[in-house]
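Participant: Sequence first, predicted coordinates after that:
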Amino acid sequence: MSVHSEIKKITTETLRKMKFDGEKISMLTAYDFTTAKMVDAGGVDAVLIGDSASNVMAGYETTLPITLDQMIYHTQCVVRGIDRALVVADLPFGTYQSNPEKALESAVRMMKEGGAHAIKIEGGKEIEESIRKIVNAGIPVMGHLGLTPQSIYQFGTYKVRAKEDAEAEKLLSDAKLLEELGCFGVVLEKIPAALAQKVSESLSIPTIGIGAGSHCDGQVLVYHDMVGMNQGFSPKFLRRYLDLYSEITGAVSQYVKDVKNADFPNNQESY
Ligand code: KIV
């Protein structure tokens, strides 16, 4: 028996059972092979190839510019590094909103070419038909409500969403709709903790929070934020587990000194 077949892979059903059993779900982003290997080895339950790759990997200000081809490339890299976690890939802006046929085509490409195990898309009622079409094709779909970054130009700000009753009610009804449509989970981004709790208690599918308090069924963070590579990004919800920006710039400046002083390479490092 190979080592691979001994690893119990996480599926959408595993996540549903974790919610049922009261076990919290851990999710992190990854966009490349090496990071994927590390987060999988660290035991994360699900890996998200987020369209935050547009910010983190490509340096764009928003998630809007990244293309489906680029997201597929990142997904292929991540999939090669994963043995255990469920791999969820974002469909980027403009690849599913216009019509259900296009949405299905994009989702099929992500599964077939990218090798994702599931896709994530932003929105509720507005994209109902697209979700229905993708789910009917046998593709697992994760929803995303609250602060949906692909709508940033409509929101105009990255502030907490659904603080007012009307938006909170719509979010709850969208969440119930996502469950009815067959989504296996839903990300809740930057909404009041009390609302996230209400949504989580109203659904049988897991909620994965980011800036949505402790009552969600799981949590997701952007890997580069949680290991402290992004110094300029410090929202209240972010817990930094490392200060890699300082560690890496420190190591680089030591390397530069060693090269300038002809200290590197030394005899042991030479052939
Ligand atoms: O793109 C992303 O990284 C995301 C998470 C923040 C949930 O959608």
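Facilitator: Looks like it arrived, so ask away. Numbering: from 1, shown residues only.
Participant: switch to C-alpha atoms for all contacts and neighbour counts from now on
Facilitator: OK.
Participant: Looking at the stretch 1-150 of the chain, which residue is nearest the ligand?
Facilitator: Nearest to the ligand in the stretch 1-150 of the chain, going by Cα to the nearest ligand atom, is residue 50, at a distance of 3.3 Å.
Participant: Skipping adjacent residues, who's closest to that residue in space?
Facilitator: Leaving aside its chain neighbours, residue 50 sits nearest to residue 90 (5.3 Å; criterion: Cα to Cα, 6 or more residues apart in numbering).
Participant: who's in contact with the one you found?
Facilitator: By Cα atoms under 8 Å, 6 or more residues apart in numbering, the contact list for residue 90 reads 48-51, 71, 119-121.
Participant: Was I right to think the residue of the stretch 1-150 of the chain closest to the ligand contacts residue 89?
Facilitator: Yes. Counting by Cα atoms under 8 Å, residue 50 does reach residue 89; the two are 6.2 Å apart.
Participant: Have a look at the two and say which one is more surrounded.
Facilitator: Neighbour tally, residue 50 and residue 89, criterion other Cα atoms under 10 Å: the higher count belongs to residue 89, 32 against 25.
Participant: That one: what secondary structure?
Facilitator: Put simply, residue 89 is strand when judged by DSSP: H, G, I helix; E, B strand; the rest coil.
Participant: how about it, what does it touch?
Facilitator: 48-50, 71, 75, 110, 116-120.
Participant: hmm, 10 Å instead?
Facilitator: By Cα atoms under 10 Å, 6 or more residues apart in numbering, the contact list for residue 89 reads 29-31, 47-51, 71-72, 74-75, 78, 107, 110-111, 114-121, 141-142.
Participant: Per-residue pLDDT of it, please?
Facilitator: pLDDT, residue 89: 99.
Participant: Give me the neighbour count for residue 42.
Facilitator: Neighbourhood size, residue 42 [other Cα under 10 Å]: 9.
Participant: who does the strand or helix carrying residue 209 pair up with?
Facilitator: Assigned by DSSP states H and E, residue 209 belongs to strand 207-210. Strand pairing for strand 207-210, using DSSP bridges, gives strand 185-189 (parallel), strand 218-221 (parallel).
Participant: Kindly reformat these as TSV containing mean pLDDT and mean neighbour count.
Facilitator: Converted to TSV, those look like this (pLDDT from 0 to 100; neighbours: other Cα atoms under 10 Å):
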stretch	mean pLDDT	mean neighbour count
strand 185-189	98	26
strand 218-221	99	22
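Participant: Kindly export stretch 183-195 (C-alpha atoms) in CSV.
Facilitator: C-alpha atoms of stretch 183-195 as CSV (Å, rounded to 0.1, in the frame of the first residue of the first chain):
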residue,chain,number,x,y,z
CYS,A,183,-23.5,24.6,-1.7
PHE,A,184,-21.4,22.5,0.7
GLY,A,185,-20.2,25.5,2.7
VAL,A,186,-20.1,29.3,2.8
VAL,A,187,-17.4,31.8,3.6
LEU,A,188,-18.6,34.7,5.8
GLU,A,189,-16.3,37.7,5.4
LYS,A,190,-16.1,40.7,7.8
ILE,A,191,-19.6,40.7,9.3
PRO,A,192,-20.7,41.1,12.9
ALA,A,193,-20.0,38.1,15.1
ALA,A,194,-23.6,37.9,16.2
LEU,A,195,-24.9,37.7,12.7
